[in-house]
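# give me coordinates for this.
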Amino acid sequence: MSEYRWLALGPDGEPLADAPAAAFPTQADAEAWLSDCWTDLADAGASSVTLLHFDQVVYGPMSLEPA
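Next up, the predicted model:
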């Protein structure tokens, strides 16, 4: 079973303990969730996210700051 999840990071680069979190079976599911919920993460104090597959970094950190 695959597990993808987003690691939300604060402005200091440290993980946010109370950011919304979920595990996803595929990378596409994780990316779709982020597309829908990135503002919730930003509102919770996240300034960037990193996509993990189990404990391996897939990509990131990726900024949540508006362009």
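
# surely residue 36 forms part of a helix?
Yes. Using DSSP: H, G, I helix; E, B strand; the rest coil, the secondary structure at residue 36 is a helix.

# pull the contacting residues for it.
Contact analysis of residue 36 by C-beta atoms under 8 Å, 6 or more residues apart in numbering lists nothing. Any C-beta I mention is one placed from the backbone N, CA and C, and that applies to glycine too.

# so how far is residue 17 from it?
Using C-beta to C-beta, to the nearest Å, we find residue 36 at a distance of 22 Å from residue 17.

# repeat for residue 57
Separation of residue 57 from residue 17 (C-beta to C-beta): 19 Å.

# compare those two (neighbour count), which wins?
residue 57 (11 against 8; other C-beta atoms under 10 Å).

# so in terms of bridging, what pairs with that one?
residue 52 (DSSP bridges).

# was I right about it contacting residue 51?
Yes. Counting by C-beta atoms under 8 Å, residue 51 is a contact partner of residue 57 at 7.4 Å.

# counting neighbours, what do you get for residue 63?
By other C-beta under 10 Å, the residues close to residue 63 number 13.
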